[in-house]
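> After the sequence you'll find the predicted model.
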Protein chains: 2
Amino acid sequence: MRLIQISICCLLSLAPLFAKAQRLNDKHVVSNITEHVLINGKAYQDLHYLCKKIGHRLSGSEQEQRTVAWLQSVLMEAGADTVWLQAVKVPKWVRGAESFSVSNGSRHIDIPMLSLGNSEGTGGKKLSGNIVLFESIEDLKNVDTATLKGKIAFLNVPFPEHFPCTFDGYSEVGSNRFSGPAIAAEKGASAFVIRSLSTGVGSYDLPHTGVTSYGNAKRKIPAIAISNKAADSLSAWIKSGKTLTGTLRSHCGMQDSVLSYNVIGEIKGQSNKIITVGAHHDSWDVGEGAHDDGAGCVQSIEVLRTFKQLGMRPRNTIRVVLFANEENGVAGGKVYADFALEHGEQHLFALESDAGGFSPRGFSMSMDEQLKELVRSWSDILFDLGVYDFSKPGGGVDINPLHKKLQTPVAGLLPDTQRYFDIHHCAQDTYETVNRRELLMGAAAMTALVYLVDKYF
Amino acid sequence: MRLIQISICCLLSLAPLFAKAQRLNDKHVVSNITEHVLINGKAYQDLHYLCKKIGHRLSGSEQEQRTVAWLQSVLMEAGADTVWLQAVKVPKWVRGAESFSVSNGSRHIDIPMLSLGNSEGTGGKKLSGNIVLFESIEDLKNVDTATLKGKIAFLNVPFPEHFPCTFDGYSEVGSNRFSGPAIAAEKGASAFVIRSLSTGVGSYDLPHTGVTSYGNAKRKIPAIAISNKAADSLSAWIKSGKTLTGTLRSHCGMQDSVLSYNVIGEIKGQSNKIITVGAHHDSWDVGEGAHDDGAGCVQSIEVLRTFKQLGMRPRNTIRVVLFANEENGVAGGKVYADFALEHGEQHLFALESDAGGFSPRGFSMSMDEQLKELVRSWSDILFDLGVYDFSKPGGGVDINPLHKKLQTPVAGLLPDTQRYFDIHHCAQDTYETVNRRELLMGAAAMTALVYLVDKYF
């Protein structure tokens, strides 16, 4: 009996030493991961292919089909044990030629524009009307129908720049783009023009698209975005008392849904539990979808590649999922969660990268407090990767269905946010705006988190 | 007596409440500073002027003179109580036309190059010699003089990419550029070619200059940098057994020293102690000196402007110092410290921004442990600014003389480091590579730190 007591005492006194050794070992592994990814990572080369050989890839487009095929091959090359496709019915919205011009009777100016995603067009016909300026969504909601009938509603709300985190600014004005067209339609407007949700200046001052929705609106009016500078000019002209007539001509609109796929590759673990690491492979039909979300795709693949190359044998299955149709439907994320629920899959954790390929700063988290505390306890291990911020909620648009339907703990890579809304959803979201080291640091941070979650969750 | 005891007890019990209220107030002030700078900050407009209307500004150049005059006017406009110039004798190194070509007898290739700063040129004559490859500075040190005599030493050491912080990589190879030419000269080489100290790829793959030194070497041989890609090609050709001849022609060299100035503007405080906030106004003679160190100059001015615009009355004098000649002499920093010592100035603290205009992550510090702990205790106040890293030593090249001679506590703004050595000392260090919000976040972080130091140091 005494021997047992002594043995227990010995073990208890060894516990802190053991924990310390474990922590040192984890730091060593994470340091190895970081060095390996910074030196051998292929995410930047992969992104080059995706951006330059395929380009942007809206749901239902020919480029999206090529993306699906290419991602399969990259996952195989990266060392996935198995790679497969999960069928997803996705909307097919097509832009076509479009133009917007403004006239005060004597002067006539063409204004660079982008129809909002899912918007109806003018069917190729000219749609003209006087432009009525609104400086808040409330002003639009409160306007007399008589004032706006047959006219073009122009909502000019600048991106709120005072937030240190740009996503907080985006959150504040995001609903203007999403709900504005339906509200304007209800008030009798013939079309809706919005100032871009953008922090861009100089060469980044471009129109930014993004999804909109008509909700239950009875009328579907064309909805477009113009750049910050164009919005400033229009606003100044209108405020100086000029009557401006806008003329819109566009061909965009929704076509029949088509088949696309979530692209999935995994390394089998010893347990039957699954860790999902993902991003979305679709993008808007401008620029190259480099930050949004090519970066997330190549980073997710890098996680798998790093596990393989470093010979790390995970306890749980590490599954990379490159989701279809995040931008205008979230069909891929929904299908993935529904399948998991239906087949009783056990999802231990899901991680998404969909906030740009910038230097990592932290992980957002939606999970119970105990797990959050566990993740926060790794902050010294993750410090050199620039990861310190665990304060924000959320995972990612594609993995949120998993969180909602299966209560899966989810996290999102949180990169530096300062530059994201310069390039988000616009022609400047190109490979050239992604920095190799920033992209790789993000991939290393994701790999480190997956390593720790696999070991301790 | 009892009443006194009760009063003391009351006061003591109020102390934590008072501290909490103070902390809330400080958070409020820092939040105000951040919002004000993000919305009203003029640093980005100032940087545009400096980069586009003046351009690069090497010590002794005409552009440097214009910079001195312009900085005075900006400091006045920003609201400085007094603005003055401190005379500094600076070296004048001039580049002139230069070219480098490589031939294997049949093929002949021009290679983009930059002479290293302070290097001698060829006096406009052709200097030709076989190229001898070295893959470490040790190999160069150990080579037989007979092997290298009359030949061109080519040192091809890649930038160490495995460090999460790029300054750690730079530290490891920096001495190659600084001391390499003297070592090669001692071994009889006729010229020295170095692979750039650069993380740049793609359009950022350019030659990067930077200061070198002949030390006490008896011979001064021309020293140049070539890009990563050019270095890879040269190395591969030589390793494949080809004998390569290099031909260099350049006009660079040192001229007589000239007069320049530290540009100084301050807000008088109630005490006679001084807080220095600074950066250097000179730059290399390529690109526009945007990150290095135009960013630091306009951020330092923004600190003063913000104090003025928000009506913050500092206890100590806030003095903005835009130093002359950091790049090839540190003459400005030395003169500033010598003057301070000679005149018995009391320097409470000095802060420098000279690591690029990227998103802030922390402050490096050289000061006693108690003060470091005080600064670290503000981490929750600075968290929203992205400031969390207080782990690194150092202040800045220009304020280090102050630290050494007067034991002034010093700190340096620590921005994200991933992109710095893509653009450092090369033609791509332009306004376009600086992001408005990142620059302003750095300025806000500096202002916040100065506010806290002024209150609590």
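Perfect, thanks for sending it.

> residues from the stretch 201-350 of chain A in reach of chain B?
A:201-203 (C-beta under 8 Å from any C-beta of the partner chain). Glycine gets a C-beta too; all of them are placed from N, C-alpha and C.

> go with 7 Å
Residues of the stretch 201-350 of chain A lying near chain B by C-beta under 7 Å from any C-beta of the partner chain: A:201, A:203.

> Helices of the stretch 201-350 of chain A, start to end?
Assigned by DSSP state H, counting those that start in this stretch, the stretch 201-350 of chain A shows helices spanning A:228-239, A:295-309, A:331-342.

> Need the winner for burial among these.
helix A:295-309 (a mean of 27; mean count of other C-beta atoms under 10 Å in any protein chain shown).

> show me where pLDDT drops low in chain A?
Scanning chain A with the threshold set as pLDDT under 70 gives A:1-4, A:6-12.

> If we use 90, what do you get?
Within chain A, the ranges that satisfy pLDDT under 90 run A:1-16, A:105-107, A:202-203.

> and the most centrally placed residue in it, what is it in contact with?
Of all residues in chain A, the one closest to the mean position by C-alpha atoms, centre = their mean is residue A:354, 3.6 Å from it. When contacts are counted by C-beta atoms under 7 Å, 6 or more residues apart in numbering or on different chains, residue A:354 is found next to A:279-280, A:293, A:296, A:396-397, A:412.

> give me phi/psi at it?
When read as degrees, to the nearest 10, the backbone of residue A:354 gives phi -150, psi 40.

> So it versus chain B, what's the distance?
According to C-beta to the nearest C-beta, to the nearest Å, residue A:354 stands 19 Å off from chain B.

> go on, residue A:99?
Separation of residue A:99 from chain B (C-beta to the nearest C-beta) stands at 29 Å.

> how about the helices of the stretch 201-350 of chain A in JSON lines, adding distance to residue B:20?
As requested, the helices of the stretch 201-350 of chain A are arranged in JSON lines below (distance: least, C-beta to C-beta, whole Å):
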{"stretch": "helix A:228-239", "distance to residue B:20": "41"}
{"stretch": "helix A:295-309", "distance to residue B:20": "41"}
{"stretch": "helix A:331-342", "distance to residue B:20": "43"}
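
> count of neighbours near the closest residue to residue A:456 other than its chain neighbours?
Excluding its sequence neighbours, the residue lying closest to residue A:456 (C-beta to C-beta, 6 or more residues apart in numbering or on different chains) is residue A:374, at 6.2 Å. Look at residue A:374: counted by other C-beta atoms under 10 Å in any protein chain shown, it has 15 neighbours.

> Go ahead and confirm residue A:213 touches residue A:178.
Yes - contact status for residue A:213 versus residue A:178: in contact at 5.6 Å, counting by C-beta atoms under 7 Å.

> where along the stretch 51-200 of chain A do the helices fall?
Going by DSSP H, counting those that start in this stretch, the stretch 51-200 of chain A shows helices at A:62-78, A:137-142, A:145-148, A:166-186.

> max-length helix in chain A?
Taking DSSP state H as the criterion, chain A has its longest helix at helix A:2-40.

> relative orientation of that helix and helix B:166-186 in degrees?
Angle, helix A:2-40 to helix B:166-186, by axes from the mean of the first three to the mean of the last three C-alpha atoms, to 10 degrees: 60 degrees.

> can you count the residues close to the nearest residue to residue A:70 once chain neighbours are set aside?
Computed as C-beta to C-beta, 6+ apart, the closest residue to residue A:70 that is not its neighbour in sequence is residue A:54, at 6.5 Å. Per other C-beta under 10 Å, the neighbour tally for residue A:54 reads 22.

> what do you get for residue A:31?
Residue A:31 has 17 neighbouring residues, counting by other C-beta under 10 Å.

> Next: residue A:108.
11.

> Would you mind naming the residues that bridge with it?
Using DSSP bridges, the bridge partners assigned to residue A:108 are residue A:103.

> on that earlier part again, buried set for the longest helix of chain A?
A:26-27, A:29-31, A:33-38 (16 or more other C-beta atoms under 10 Å in any protein chain shown).

> Greatest separation within the contacts of residue A:354: which pair is it?
Within the contacts of residue A:354, A:280 and A:412 form the most distant pair, 12.4 Å apart (C-beta to C-beta).

> Looking at the two, which one has more neighbours?
More crowded of residue A:280 and residue A:412, by other C-beta under 10 Å: residue A:280, with 29 against 25.

> Give me the distance between that one and chain B.
24 Å.

> Next up, the contacts around that residue.
Taking C-beta under 7 Å, 6+ apart as the test, what residue A:280 contacts is A:293, A:323, A:326, A:332, A:354, A:398.

> List the residues that contact residue A:415.
A:355-361, A:442.

> Phi, psi for the residue of the stretch 201-350 of chain A found nearest chain B please.
Nearest residue of the stretch 201-350 of chain A to chain B (C-beta to the nearest C-beta) works out as residue A:201 at 5.8 Å. Here is the backbone geometry of residue A:201 (degrees, to the nearest 10): phi -130, psi 170.

> how many other residues sit next to the residue nearest to it when sequence neighbours are not counted?
Nearest residue to residue A:201 in three dimensions, chain neighbours excluded: residue B:436, at 5.8 Å (C-beta to C-beta, 6+ apart). Neighbourhood size, residue B:436 [other C-beta under 10 Å]: 24.

> what do you get for residue A:453?
The burial count for residue A:453: 25, using other C-beta under 10 Å.
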